[in-house]
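Enquirer: predicted model follows, preceded by the sequence.
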Amino acid sequence: MNLLELRGLTKHFGGVRAVEDVSFRVRDGDIISIIGPNGAGKTTLFNCLTGLTRPTKGKIFFEGNDMSGLPANRIAEAGIARTFQNIRLFSRMTVLENVMVAQHSRVRYGLLRAVLRGRVFRDMQRAVRERAMEYLELTGLGQFAADLSEGLPYGSRRRLEIARALASEPKVVLLDEPTAGMNPSETSGIMTLIREIRQLGRTIILIEHDMKLVMGISDRIVVLDHGVKIAEGGPEEVRNDPAVIEAYLGSEAVHC
Amino acid sequence: MRRFANSPLFIALWAALLFLPFRDLRSAGILFALLFAFLSLMFVIKKVKPLSCLPVRLRLPDMAGHRNILLLCVPILFFTFPFFMQNYYLDVLIMFGIYALLAMGLNIIVGTTGLLHLGFVAFYAIGAYTYAILNTRFGLGFWICLPVSAMLSAVAGALLAAPALRLKGDYLAIVTLGFGEIMHITLNNMSRLTNGPNGIIGIEPPSVFGVSLGRPDRYYYLVWAAVLLACFVIRRVTGSRIGLAWLAIRDDEIAASTMGINAMKYKLLACASGSFWAGLAGIFFAAKMRFVSPESFTFMESALVLCMIILGGLGNTYGAIMGAFILVLLPEVLREFQIYRMLVLGVGIVLIMIYRPYGILGGGSESART
């Protein structure tokens, strides 16, 4: 079944065609990678998917419902979570609080309940805390729970972003360059983590430049260049596609 | 520049020049000589720069173990004050309570949610004038006006915020500043309702079963009951998912919205609930003074309350109370030293900013807030 479907998604910034008529489908449980040279429109695509920018044209269907044009918080509630290429943690909150925030739309209580703190409130609050701890353990950050997130080392900050995205209990997780700036051993750690996330039944869409990671983990790969989808398929197919080679290495390389 | 600023000569010269307007040249010279000698000695003995031989950050003693004792002792102490204190001191403590309410309210907006609001005094004014008008014109009592004033302030807070919150940072600050000024001008000019610059006199103090609470010793308990209630409610709200949402918006609004937080809704809620406590402070102010005039609601008040929460530590409810304590009581204590008053206050604030750059109780993690 198609969990997510993009139909002719287009985003223009004035005269710049950041994303042009991109369509693809994501099945439940897949790992999809989106690759392409710098400036190909990958992050803009993510911004459209998560409601941070409104697409100029085209539709996004999530579980059969039209999501295009909804505000970011509604899309997050529906079950799409993301990480950011330039880390955007809540820097002056603790690591645990960062993850607890993500449970925002998974518990429902108002001002009155918060002030009275009855049984229901305490049960919910305990559940939120426990679940947040679980996600921290999954990403290996349990020991940092009480630290301020701005004090974490770089690699851990990236992991915390993933923990936070998971804690909003999404069906689809969008990871925007989760291994940017990481060394090979950290990168393979992230690769293992992504596999574990799939085990949890989450669908993953990945923007990534590390080809070893992309080829090793993806079920399907979508290639963008100048905002246009130039190829789509399994790792082998994409690797040998002349259009992809041309986009990455220039047209000379194809003829050699 | 940094090396120069660290030299004993510069520091001594700077202190002496600051001192000069208050005494003659000779005293300033003596101060300079003593300070220079002392700092140079430090420099030789410790072989360090004078400024950096002081601790960079002062750490507060760890109160976690004594917290419950503190939370028990401080209220008991406060409870006994009216038994032995003169009315003057009680009046100061009542003003402290009113400013504590204001500071806690503004702290929700500026400290927790990170919206720089410079027109907070407008909601203080709305609370005060609502009671003043309802009481003198329509004869409504304090207890009916109490919720009305607070709710009206909260609604006004949300109504202002609705358009203003489209702006961020400095632009939001300018718009809220403008709103504060508009309120001040309106109070001055809407003479038929507010009696203009002359203000409204003859406001009744509250009473319970025929017993007037206007006396300072009784009014003291009333105000501080409200402060305790505010502290209790605000801490519980900031400790819930609502408070977490506010903090998240403060740190990164875009990330917060991708976590399912409706940023606009929570910013509105922050403005409304902050203004609610300002309205409450306003009605307590009006009922205490029995007189309101636009003069009490100038931009200086907004700035003062902002100073309180910055001094106390942004985002910390106890910090807001402590900031109110310092900025209400210190000027009173220093009243005898008239001309040095602002100097001591200024030096104190500079010292706090050096040693506790996030405010006296600020910069803490989760435990400091919840």
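Expert: Good, I have the coordinates.
Enquirer: avg pLDDT for stretch B:298-308?
Expert: When the per-residue pLDDT values of stretch B:298-308 are averaged, the result is 92.
Enquirer: any part of the longest helix seen in chain A near chain B?
Expert: Within chain A, and with DSSP state H defining each element, the longest helix by residue count is helix A:119-138. Yes. Interface with chain B: helix A:119-138 contributes A:121, A:125, A:128 (C-beta under 8 Å from any C-beta of the partner chain). Glycine gets a C-beta too; all of them are placed from N, C-alpha and C.
Enquirer: per-residue pLDDT, the second one?
Expert: To tie it back to what came earlier, the one meant is A:Gln125. Looking at A:Gln125, its pLDDT reads 92.
Enquirer: any quick ChimeraX command for the buried ones out of the residues of helix A:119-138 next to chain B?
Expert: Written as a ChimeraX command, the selection of buried residues from the residues of helix A:119-138 next to chain B, which uses 16 or more other C-beta atoms under 10 Å in any protein chain shown, is:
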select /A:121,125,128
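Enquirer: so what's the residue nearest the centre of chain A up against?
Expert: If you average the C-alpha coordinates of chain A and look for the closest C-alpha using C-alpha atoms, centre = their mean, you land on A:Leu174, 1.5 Å from that point. With contact set as C-beta atoms under 8 Å, 6 or more residues apart in numbering or on different chains, A:Leu174 has these partners: A:46, A:49-50, A:80-83, A:165, A:204-207.
Enquirer: if you set the cut-off to 6 Å instead, what comes out?
Expert: Neighbouring residues of A:Leu174 by C-beta atoms under 6 Å, 6 or more residues apart in numbering or on different chains: A:46, A:82, A:205.
Enquirer: contacting residues for A:Asn86?
Expert: Taking C-beta under 6 Å, 6+ apart as the definition of contact, A:Asn86 has no neighbours.
Enquirer: can you tell me the SS state at A:Phe90?
Expert: coil (DSSP: H, G, I helix; E, B strand; the rest coil).
Enquirer: what's the following helix or strand after the longest helix of chain A?
Expert: Scanning forward in sequence from helix A:119-138 by DSSP states H and E, the next helix or strand is helix A:154-167.
Enquirer: related to what we said a few turns ago, so the residue nearest to the centre of chain A bridges to which residues?
Expert: Taking DSSP bridges, one finds A:Arg82, A:Ile205 as the beta-bridge partners of A:Leu174.
Enquirer: about what we covered before: what's the longest helix of chain A in contact with?
Expert: With C-beta under 6 Å, 6+ apart as the test, helix A:119-138 has contacts from A:96, A:99-100, A:103, A:107, A:109, A:113, A:142, A:145, A:163, A:166-167.
Enquirer: can you turn the buried part of the residues you listed into a PyMOL selection?
Expert: One line in PyMOL is enough to select the buried members of the contacts of helix A:119-138, burial here meaning 16+ other C-beta under 10 Å:
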select buried, chain A and resi 96+99+100+103+107+109+113+145+163+166+167
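Enquirer: tell me the one of the contacts of helix A:119-138 nearest A:Ser188?
Expert: The shortest gap between A:Ser188 and any of the contacts of helix A:119-138 belongs to A:Ala163, at 18.4 Å (C-beta to C-beta).
Enquirer: in contact with that closest one, which residues?
Expert: For A:Ala163, the set of contacting residues under the criterion of C-beta under 6 Å, 6+ apart consists of A:99, A:135-136, A:139.
Enquirer: and it, how far is that from A:Leu152?
Expert: Going from A:Ala163 to A:Leu152 by C-beta to C-beta, to the nearest Å gives 11 Å.
Enquirer: A:Arg17 - how many residues pack around it?
Expert: A count of neighbours around A:Arg17, defined by other C-beta atoms under 10 Å in any protein chain shown, yields 16.
Enquirer: that one contacts A:Gly227, doesn't it?
Expert: Yes. A contact is recorded between A:Arg17 and A:Gly227 when judged using C-beta atoms under 6 Å, the distance being 5.0 Å.
Enquirer: show me which residues of chain B sit near chain A.
Expert: B:233, B:236-237, B:240-242, B:244-245, B:247-248, B:251-252, B:255, B:257-262, B:365-366 (C-beta under 6 Å from any C-beta of the partner chain).
Enquirer: now A:Thr94: phi and psi?
Expert: Taking degrees, to the nearest 10, you get phi -70, psi 170 for the backbone angles of A:Thr94.
Enquirer: and it, what pLDDT?
Expert: As summarised for this prediction, A:Thr94 has a pLDDT of 92.
Enquirer: what's the distance between it and A:Ala165?
Expert: Shown here: A:Thr94 relative to A:Ala165, a distance of 18 Å by C-beta to C-beta.
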